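Peer 1: below is the sequence, then the predicted model.
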Amino acid sequence: MELPVQRYRVTRADLVRYAGASGDFNPIHWSESTAVKVGLPGVIAHGMFTMALVGRAVTTWAGRPDAVVEYGVRFTRPVEVPDTEEGTEIEVSAVAKDTDDPALVRLDLTATCLGVKVLAQAKAIIKRP
Amino acid sequence: MGLDQSFAGRSYPPSAPYQVGREKIREFARAIGATDAASHDPEAARALGHADVIAPPTFPIALSMADSAQIVGDPALGVDYSRVVHGDQKFVYTRPVVAGDELVCVSTIESINARVGNDFLTIRSEIGTSAGEPVVKVWTMYVVRGEEG
């Protein structure tokens, strides 16, 4: 079963707020000159911020934030966040599948930015809503 | 030069106890835009059977990443942090993190593999209460890019 697509806007301000909340102050997530110096196209989102947004989609679909049993992703492409008011957008979709345990559902997750997949092997196991 | 694979299996000393505050959970939830009532309102969390507000699923990274700094920064292991990329991330929950928890994190190098000039360093961080109740296991895989890459 395909679940309703979730979309999240990401701006530089979001990255600064996430840096403070998570304690990850790596400058590639807020300093253009540092990002460019290490070969990135520009400031990129924390992989963990992208994972947190996809986690939001998971708890939205699950209907409660304590339903997640397992959650894993592979980071395949950076999410570049331009210094504009609109920033960029991450789109999250999922296919729900039965598991051997009737109380649990597996979500095969897809996250894209500008049409390009940014995660691989992204899945969550949630308690059946 | 690759990482010394004999470090696999090595555990590091436990973190200092981390006091999970209600406002920290709310701050983290706001930072990721999570509006779940149980992450903001203690009454809503209690209605789900929790003592206080519960953290969003990726919150434990704040503890595990700080704790694995002692591995990534271990001079004997010699990781060049400027070449580190976050590869994989996984959480397996016994229960959500709840405001009021006092948590301790113990990190272990689960594996070190070399492939096509890069090293793959997998750290397992086991987070539980200081009373010994398991809460969440966190796996973080870092890619340490080779000199040529």
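Peer 2: The structure has been received and is ready for your questions.

Peer 1: okay, the nearest residue to residue B:131 once chain neighbours are set aside and chain A: tell me how far apart.
Peer 2: Using Cβ to Cβ, 6 or more residues apart in numbering or on different chains and skipping the chain neighbours, the partner closest in space to residue B:131 is residue B:102 (7.9 Å). Every C-beta, even on glycine, is put in place using the N, C-alpha and C of the backbone. Distance, residue B:102 to chain A, using Cβ to the nearest Cβ, to the nearest Å: 18 Å.

Peer 1: checking residue B:26 next. Helix, strand or coil?
Peer 2: helix (DSSP: H, G, I helix; E, B strand; the rest coil).

Peer 1: and chain B, which residues reach chain A?
Peer 2: Where chain B comes near chain A, counting by Cβ under 8 Å from any Cβ of the partner chain, the residues are B:27-28, B:30-34, B:36, B:38-39, B:48, B:50, B:54, B:56-58, B:61-62, B:65-66, B:82, B:85-93, B:95-96, B:139.

Peer 1: correct me, but residue A:44 touches residue A:30?
Peer 2: No. Applying Cβ atoms under 8 Å as the test, residue A:44 and residue A:30 come out as separate, 10.1 Å apart.

Peer 1: sorry, back to before: any of the residues of chain B next to chain A buried? List them.
Peer 2: Neighbour-count burial (16 or more other Cβ atoms under 10 Å in any protein chain shown) is assigned, among these, to B:28, B:31-34, B:36, B:38-39, B:50, B:54, B:56-58, B:61-62, B:65-66, B:86-93, B:96, B:139.

Peer 1: so of the residues you listed, which ones are in helices?
Peer 2: Under the assignment DSSP state H, these contribute B:28, B:31, B:61-62, B:65-66 to helices.
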